[in-house]
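[1] pasted the sequence and its predicted model underneath.
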Amino acid sequence: MQRTDFAQMNCSIARSLAVAGEPWSPLVLRDVWVGINRFDDIQRDLGISRKVLAERLKHLVDEGMLERREYSERPPRHEYALTGKGSEFVDVLMAMASWGDRWTAGETGPPALRRHRACGRITEVEMHCTACGEVLRSADVDVEPGAGRIAAPARS
């Protein structure tokens, strides 16, 4: 069975899934973000097979989410760093973590907290309107066609 090519869909969510929607990719990006950036360390942290991890890392590098940096010549060894594109995707992961903290953490609470470096306090992740600053919730947003929208083919 052929898999749907989300990259070809006229939808920013689908295209984002084509880049980082495979289940291991967000976890690899999370690990690199928190400083687990060498192959063996990522593999050990996630318990992922070496083959799958190598495929995920190659895909994330090819997509411009991670960059591969040599840290040893003999033997040749590499570590991974977030690119600007990858760092911006971590914002999406923080929103997912906030949702998970609220809906899946259970009575024991969230497994990780987020501390804002600028003020030093534990914080929550919220989206805000760039125009007025109000908190954004899906119920408060209407979706309208954008310039990149492709009209659906006419049905006969």
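    Looks like it came in fine.
[2] ranges for the helices of the chain?
    Per DSSP state H, the chain carries helices over the ranges 12-20, 24-33, 39-46, 50-62, 84-103.
[3] least reliable of those by average pLDDT, please.
    Mean pLDDT values for the helices of the chain show the minimum at helix 12-20, a mean of 90.
[4] now for it, which elements pack on it?
    Using 3 or more C-beta pairs under 8 Å, 6 or more residues apart in numbering; DSSP states H and E as the contact test, the elements touching helix 12-20 are helix 24-33, helix 84-103. From N, CA and C alone the C-beta is placed, and that goes for glycine too.
[5] now what about the longest one, what contacts it?
    If I follow you right, that is helix 84-103. Under the contact criterion C-beta atoms under 8 Å, 6 or more residues apart in numbering, helix 84-103 has outside partners 16, 19-20, 26, 29-30, 32-33, 60, 63-66, 82, 109-110, 112, 114, 124-127.
[6] same thing but at 10 Å, please
    By C-beta atoms under 10 Å, 6 or more residues apart in numbering, the surrounding residues in contact with helix 84-103 are 16, 19-20, 25-30, 32-34, 60-61, 63-67, 80-83, 105, 109-114, 123-127.
[7] likewise for the first one?
    By C-beta under 10 Å, 6+ apart, the residues outside helix 24-33 that reach it are 17, 19-20, 22, 36-38, 41-43, 45-46, 48-49, 52-53, 55-57, 59-60, 63, 65-66, 79-82, 86-87, 89-90, 92-94, 96-97, 112.
[8] circling back to that earlier point, which of the helices of the chain sits most buried?
    Counting by mean count of other C-beta atoms under 10 Å, helix 24-33 has the highest mean neighbour count of those, with a mean of 20.
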